[in-house]
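**Q** Task: produce atomic coordinates for the following.
(2 chains)
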Amino acid sequence: MKFMEVVPPGTNIDFIGKWKICVVISSAIILISLVAALPQVRGVKLGLDFAGGVEMLVRFPAGLKADEGMIRAAVSSAGAKDPAVVRFSEGENQDFLVRFQSETTGEKGELVDAIRDALTQQIGPAEIQRVDFVGPRVGKELRRDGLLAVGVSCIFILIYIAFRFSTRFAPGAVIALFHDIVITAGVFVLLGREFDLTVLAALLAILGYSLNDTIIVYDRIRENMAVHTKHDLAALLNLSVNQTLSRTLLTSGATMLAVLALLFLGGEVIRPFAMAMVIGIFVGTYSSIYIAAPTLLVLEERFAKEKGKKTAAAPKSGAKGGPKAARA
Amino acid sequence: MSQSLRWRLGATGALVALMTYLTIANFVPAETRHNHWWLPNQGIRLGLDLQGGIHWVLGAKLDVAIEHELDHLRGHLADQLTEEKITPSHLAIDGQHIVLELATTQDADKARTLAEDTRVLRVSKAEGTKLELELTAQWMKDVREKGMAQVLEVLRRRIEDPIQGIQDSVVTRQGEDRILVQIPGGQMDRARAREMLRVTGFLEFKIVQDQAPTEDLLRAKYKDGLPEGTVIIFEREKQSNRIVGAFLVKKTADLTGDYLSDARVSTDRTNRWIVSFSFNSEGAKIFSELTEKNVNRPLAIVLDNQVYSAPNIKERIGGQGQIEGRFTSQQAADLAVVLRSGSLAIPVAIEEERTVGPELGADSIRSGLRASIVAVLAVVVFATIYYRLSGVYASVALGANLFLLLGIMSMAGATLTLPGIAGLVLTVGMAIDANVIIFERIREELRSGRTPRAAVATGFNKARWTILDANITTLISAVVLFQYGTGPIKGFAVTLCIGILTSVFAAIVITRLLYDIWPGDRRVAELSI
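**A** Predicted structure coming up:
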């Protein structure tokens, strides 16, 4: 029987042999992102949801002469402090994104209306298509809830891992999980992108999703351990990664296809979300091939050293080390 | 076809058909749906980020309610002390306290007893003849609670006023001191809605003691200062905010808007817009006494400390009156709503706003829809080329999955937001994901020499747990997000949660069913996979 295949059966790429290089690469990325996250270097850019303030999407008809400087001047004259203006999109209309810090949208006089009037007078017919305002109290709460959501989600997934994997596999799964989430967030920091609620949602989705491929690889390792008891561990890990390689690539590829459609066609508002998902899926796939399995090897070797030669390198089969069930 | 297969096919087919039927609601205008009994009634609601509209989270300044209550109690205490022939040297409100100073410790003890007799005040600090009083914890809570209920009631009446005709607006309480207000799709201009929150709507009727065109001219008549208990209030021109009249009136109102029973828009003889109001029976009695006593004197109609008009009382007036003020029809209508709703004694501040214009919402729907369609097509093309007939099965399962997802969301009246569309697209990817896991496993079984029939059976059995595993972790994240997320993000969590469930069902049940139909029990030489 002939199948269309991305990875022909019998492929044997030495993934495990390169674990040191991969650890260096991953550690370097994590380290660079952590340094970049320091406020003195680049800092973590918080979006409106977490930082608070006012953001407005201003729309002018196409063809009207309008630029960032003119808008900044008009918005300032209406009483907004230090506004940041970027051109958002151009097509049938010209859209600009105006953001400034403010603790209210105007208690007495309406700031939003004043800005619209100033823009219309100084530049041309302006429409306010969107107003987002997050007050200091709400911003603080959103920050708290966001961190809490990531924390709680991590705890539940860790509990799930504890139930699902033996003590032997759990540490590797946890390391792969944190690897994915930290690098995705890190790349976002490095790219100078903002964290807002949709990015947080993407990070949480990645938290759940990136474990998928790791689970597939680990299940296969468990299965192989039961069959080839005398195999050398590195070779066994390599075999398992190779056997599941096409599955790992195809599942990620399918989801990636959908997310790419979102990235390119979903519009500006959803782009940060799609961006985070693309990075997350990519990193998750990489980690389940290059990080998850080698982590097992390293942990296993350390474990073997500590226990002396009693247990030897051969994986023990049975309640703890053996497969809980034969799974795909 | 075996009995059990027939039964499974029937049940699954019926479920998918039912959900597809429920999905129809989203493609038929509401009016048509109501006119045809056989059409489903409820569709998926669009979030404000898609249909456009105003989303506000308001914070009620409940400290103001406490201050009002303290002020009321201060007055009560002052009366009681006077009755006891005690004159406090100091009696005032300082923040959340009443501060009281008396001549002797004996008086202080008396005052303390009086305060504690109210059962709602307690002494928070006592130093010799000085007393500091505060509300008891329970009463403080009651006052805040009552204040909150009142704010909610007034805002509801203003925003959900039937004459305004706003559809599907939401005014609900959120937490201790917050109110969520949602006004969908361009039904009310942002500036007008803002005015509804800003205006207190405190209507007072005061007999004018004296008047002049400007404040200076009025003050010039009282060289030794204004008479005890009076203030100057102004009438301003609507557009320019220029003062057109200054009035000397008593501080306390002769009659307030609390006694109104109704307020409506109408026009006067010269066709100008006015707001006419009527009093309830008690108000009518007070009003007719007041007007009877003050014939030929002007009566100021004061709203939020601003004089709207000050007509001369020509004769005793009964239960009705009117406010003139050079209104546009819109302004008059809004004022009528404000008067009907009663006054908003506790101010509210916008703490969060997410307002989207209908045009931008339509843009979002368009790009979201485009991304979804392309995502589905890409995934279907990939699956069909790579897995041939099995890929077609996966695509059929994907289609069923989408109808299940949309059907459940319609049935539940769930809200679809822009991040929700992203969740939908993610579901599309993850649904194929599950099929890939199954197909790859089946291929592997085939390679190891199993017959197609055995390979399918083993493949599904082994893949089932992996699929569940892989989806449970994502479900955990989605549920947590639902718990902590708000607004559009909650929409993402909802779509993702339902999507995960339906895609697992589609992969494990529907794809399997298709295999059981063809090849089923037949001895085929090859599987198209």
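
**Q** CA only for contacts and neighbour counts going forward, please
**A** OK.

**Q** The helix or strand where A:Arg220 lies - contacts with which helices or strands?
**A** Element membership of A:Arg220, judged by DSSP states H and E, is helix A:211-227. Secondary-structure packing of helix A:211-227 (3 or more C-alpha pairs under 8 Å, 6 or more residues apart in numbering or on different chains; DSSP states H and E): helix A:170-190, helix A:233-265, helix A:271-286, helix A:292-307, helix B:452-484.

**Q** among the ones you listed, which is nearest B:Val348?
**A** helix B:452-484 (24.7 Å; C-alpha to C-alpha).

**Q** So which elements touch whichever helix or strand comes after that closest one?
**A** The C-terminal neighbour of helix B:452-484 among helices and strands, as given by DSSP H and E, is helix B:487-505. When contacts are defined as 3+ C-alpha pairs under 8 Å, 6+ apart, helix B:487-505 packs onto helix A:197-209, helix B:358-412, strand B:415-416, helix B:418-447, helix B:452-484.

**Q** Columns mean neighbour count on top of these, output as a markdown table?
**A** Converted to a markdown table, the helices and strands packed on helix B:487-505 look like this (neighbours: other C-alpha atoms under 10 Å in any protein chain shown):
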| stretch | mean neighbour count |
| --- | --- |
| helix A:197-209 | 25 |
| helix B:358-412 | 21 |
| strand B:415-416 | 24 |
| helix B:418-447 | 26 |
| helix B:452-484 | 21 |
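
**Q** Need the ones you listed in a markdown table (columns: mean pLDDT and distance to A:Ile123).
**A** A markdown table is the format used below for the helices and strands packed on helix B:487-505 (pLDDT from 0 to 100; distance: least, C-alpha to C-alpha, whole Å):
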| stretch | mean pLDDT | distance to A:Ile123 |
| --- | --- | --- |
| helix A:197-209 | 93 | 33 |
| helix B:358-412 | 95 | 21 |
| strand B:415-416 | 93 | 36 |
| helix B:418-447 | 94 | 31 |
| helix B:452-484 | 91 | 42 |
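
**Q** From B:Ser281, how far off is B:Lys110?
**A** B:Lys110 sits 41 Å away from B:Ser281 when distances are taken as C-alpha to C-alpha, to the nearest Å.

**Q** swap that for B:Leu81, sorry
**A** Taking C-alpha to C-alpha, one finds B:Leu81 at 35 Å from B:Ser281.

**Q** Check B:Val120 too.
**A** 32 Å.

**Q** ok, and the closest non-adjacent residue to the one residue sitting closest to the centre of chain B?
**A** The centroid of chain B falls nearest to B:Val181 when counting by C-alpha atoms, centre = their mean (2.4 Å). Take B:Val181 and drop its neighbours on the chain: the residue closest to it by C-alpha to C-alpha, 6 or more residues apart in numbering or on different chains is B:Val171, 4.6 Å away.

**Q** Doesn't the one you found belong to a helix?
**A** No: checked against DSSP: H, G, I helix; E, B strand; the rest coil, B:Val171 lies outside a helix; its state is strand.

**Q** ok, it - contacts?
**A** For B:Val171, the contact set (C-alpha atoms under 8 Å, 6 or more residues apart in numbering or on different chains) comprises B:152, B:155-156, B:159, B:179-182.

**Q** In PyMOL, how would I select just the buried ones from the residues you listed?
**A** Of the contacts of B:Val171, the buried ones can be selected in PyMOL as follows, counting by 16 or more other C-alpha atoms under 10 Å in any protein chain shown:
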select buried, chain B and resi 152+155+156+159+179+180+181+182
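
**Q** all strands in the stretch 1-150 of chain A, in order from the N-terminus.
**A** Assigned strands in the stretch 1-150 of chain A, in chain order: A:53-61, A:84-90, A:93-100, A:127-134 (criterion: DSSP state E, counting those that start in this stretch).

**Q** Just send the ones you listed back as JSON lines, with mean pLDDT, mean neighbour count and distance to chain B too.
**A** What follows is the strands of the stretch 1-150 of chain A, written out as JSON lines (pLDDT from 0 to 100; neighbours: other C-alpha atoms under 10 Å in any protein chain shown; distance: least, C-alpha to the nearest C-alpha, whole Å):
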{"stretch": "strand A:53-61", "mean pLDDT": "93", "mean neighbour count": "22", "distance to chain B": "9"}
{"stretch": "strand A:84-90", "mean pLDDT": "87", "mean neighbour count": "16", "distance to chain B": "12"}
{"stretch": "strand A:93-100", "mean pLDDT": "92", "mean neighbour count": "20", "distance to chain B": "10"}
{"stretch": "strand A:127-134", "mean pLDDT": "92", "mean neighbour count": "23", "distance to chain B": "4"}
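
**Q** Can I get those in a markdown table including distance to A:Glu268?
**A** As requested, those are exported to a markdown table (distance: least, C-alpha to C-alpha, whole Å):
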| stretch | distance to A:Glu268 |
| --- | --- |
| strand A:53-61 | 12 |
| strand A:84-90 | 8 |
| strand A:93-100 | 11 |
| strand A:127-134 | 13 |
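
**Q** Now for B:Gly186, how many residues are close by?
**A** The number of residues packed near B:Gly186 is 16, by other C-alpha atoms under 10 Å in any protein chain shown.

**Q** Report the secondary structure state of it.
**A** coil.

**Q** and it, what pLDDT?
**A** pLDDT for B:Gly186: 77.

**Q** Got the phi and psi for it?
**A** With angles defined as degrees, to the nearest 10, B:Gly186 sits at phi 50, psi 30.

**Q** hmm, back to that, quick one: the helices and strands packed on helix B:487-505 as a markdown table, columns for distance to A:Pro125 too.
**A** Shown next, in a markdown table, are those (distance: least, C-alpha to C-alpha, whole Å):
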| stretch | distance to A:Pro125 |
| --- | --- |
| helix A:197-209 | 31 |
| helix B:358-412 | 15 |
| strand B:415-416 | 32 |
| helix B:418-447 | 28 |
| helix B:452-484 | 40 |
